[in-house]
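Engineer: return atomic coordinates for the entry below.
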Amino acid sequence: MSRVKSTTIIAVYSESERTAVVASDGQATLDTTIIKKGTKKVYRLHDETVLVGFAGATADCLALLEKFEGKLKKYDGQLRRSAVELTKEWRTDRMLRHLEAVIVAASKEGLLMISGVGDVLEPDGGIIGIGSGGAYALAAAKGLRAASDSIAPEETARHALQIAAEIDIYTNDQITLEKIHW
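Structural biologist: Modelled structure (predicted):
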């Protein structure tokens, strides 16, 4: 899979606060041109109990979100099982295997990164960043979390995206943030 660019998604999971957050910037680009500043890249699935953010080709991502919603319904909202089943279908289906995207999903079960190359990974420390600015946002979020135990997951995500927007040319500061609490 080629390196996914043109977006930044950060997800923060806190077992102790019983909270998961997925946030994104809003920039949509075509090559080096900004097409839209307020694109929605974070969605609530399965009766709003699962948060999903995506990086990659928009149509590909939306097709995969629809498939993922079906898996969540079939497996009664089980995040890991649904993610594994989505990845298996993504890798073996003749049409789906060509979709270029990376998905971050969060629920009370945890936080996962899902890709078409067969990855279903739970990150260390409850933070993951994807997209062109993902590494910047991830580093910022880890630094923020290490500096203070009292910063809320949503503030960690928001500040991390603001820092990434200052560094990555494909990331803007039009932040969309969704949170679940259980």
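Engineer: C-alpha only now, for contacts and for neighbours.
Structural biologist: Will do.
Engineer: so Leu96 sits against Trp90, correct?
Structural biologist: Yes. Using C-alpha atoms under 8 Å, Leu96 makes contact with Trp90 at a distance of 5.1 Å.
Engineer: and Val12, what pLDDT?
Structural biologist: On pLDDT, Val12 comes in at 98.
Engineer: where do the strands sit along the chain?
Structural biologist: For the chain, the strands identified by DSSP state E occupy 8-14, 19-24, 28-30, 33-36, 42-45, 50-56, 101-107, 110-115, 120-121, 127-131, 176-181, in order along the chain.
Engineer: just the pLDDT at Ala141, thanks.
Structural biologist: On pLDDT, Ala141 comes in at 98.
Engineer: with the one 3 residues further on instead?
Structural biologist: For Leu144, the pLDDT comes out at 97.
Engineer: was I right to think it contacts Ala157?
Structural biologist: No. With contact defined as C-alpha under 8 Å, Leu144 does not count as touching Ala157 (9.4 Å).
Engineer: of the two, give the one with the bigger neighbour count.
Structural biologist: Ala157 (29 against 18; other C-alpha atoms under 10 Å).
Engineer: list the contacts of that one.
Structural biologist: Shown in contact with Ala157 (C-alpha atoms under 8 Å, 6 or more residues apart in numbering): Ile10, Ala11, Val12, Val21, Val22, Ala23, Ala137, Ala141.
Engineer: wait, which of the residues you listed is closest to Gly53?
Structural biologist: If you rank the contacts of Ala157 by distance to Gly53 using C-alpha to C-alpha, Val22 comes first, at 6.5 Å.
Engineer: distance check, that closest one against Ala165.
Structural biologist: According to C-alpha to C-alpha, to the nearest Å, Val22 and Ala165 sit 16 Å apart.
Engineer: ok, these two, which is more surrounded?
Structural biologist: Taking other C-alpha under 10 Å, Val22 and Ala165 do not tie; Val22 has more neighbours (34 against 23).
Engineer: so what pLDDT did the more buried one get?
Structural biologist: Note on Val22: pLDDT of 98.
Engineer: I appreciate the help and will end here.
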